[in-house]
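# Any chance you could fold what I've pasted below:
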Amino acid sequence: MPVEISRSLAIPDELLEFRAVRASGPGGQNVNKVSNAVELRFDAAAWTPLPTAAGMIVIDAQRLRSLEQNRADAIERLVTMVREALVEPKVRRPTRPTRASKERRLASKARDARTKKLRRPGRADD
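This next block holds a predicted model:
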């Protein structure tokens, strides 16, 4: 069953590969006997809607206790990643400071300069 990204976009099963692997970390005997973690491999280079030249995307899912839950978690993380990659970045239009902001900046500089000049020790001939 293809993984649905949006109503009009889905990742075909041929580009996804699931492997059950043993999870790392605590878990007692169960962690040594049962392969509950899932490794999801996605061939991003072969999927044309993705505007990137990435090769394989590998997602390790071992946060949950069962194989089915970890498989669903891996799919959910892949869908989130692909949706974020499909969003076009907003075009940045460079702006320039306004005349008023330039004048405020210069006035502030002049005010600070006067303040610092008044802090200097006075000379005898002033």
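# ranges for the helices of the chain?
For the chain, applying DSSP state H gives helices covering 29-33, 67-86, 99-119.
# which secondary element of this structure has the worst mean pLDDT?
helix 29-33 (a mean of 73; mean pLDDT, DSSP states H and E).
# hmm, who's touching that one?
Arg22, Ala23, Ser24, Gly25, Asn36 (Cβ atoms under 8 Å, 6 or more residues apart in numbering). (Each C-beta comes from the backbone N, C-alpha and C, glycine too.)
# Can you give me the buried ones in that helix?
Buried residues in helix 29-33, defined by neighbour count with 16 or more other Cβ atoms under 10 Å: Val31.
# Render the CA-only coordinates of it in CSV, please.
The C-alpha coordinates for helix 29-33 follow below in CSV (Å, rounded to 0.1, in the frame of the first residue of the first chain):
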residue,chain,number,x,y,z
GLN,A,29,16.2,-10.4,27.7
ASN,A,30,13.6,-9.1,25.3
VAL,A,31,16.0,-6.7,23.6
ASN,A,32,18.4,-9.7,22.8
LYS,A,33,15.7,-12.0,21.4
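# how far does that helix sit from the chain's center?
33 Å (Cα atoms, centre = their mean, to the nearest Å).
# Over to stretch 48-58?
15 Å.
# Which positions in that stretch come out as buried?
Leu50, Ile57.
# quick one: average confidence on it?
Across stretch 48-58, the average pLDDT comes to 79.
# Show me the shaky parts of this structure.
By pLDDT under 70, the low-scoring segments of the chain are 27-28, 52-53, 123-126.
# again, only using 90
1-15, 20-37, 43-57, 62-67, 82-89, 121-126 (pLDDT under 90).
# Check what contacts stretch 63-76 and list those residues.
3, 18, 20, 35-40, 59-62.
# Put the buried members of those residues into a ChimeraX selection.
Buried members of the contacts of stretch 63-76, defined by 16+ other Cβ under 10 Å, are picked up in ChimeraX with:
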select :3,36,37,38,39,40,59,61,62
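# Now Ile57. Nearest residue, chain neighbours left out?
Phe42 (4.4 Å; Cβ to Cβ, 6 or more residues apart in numbering).
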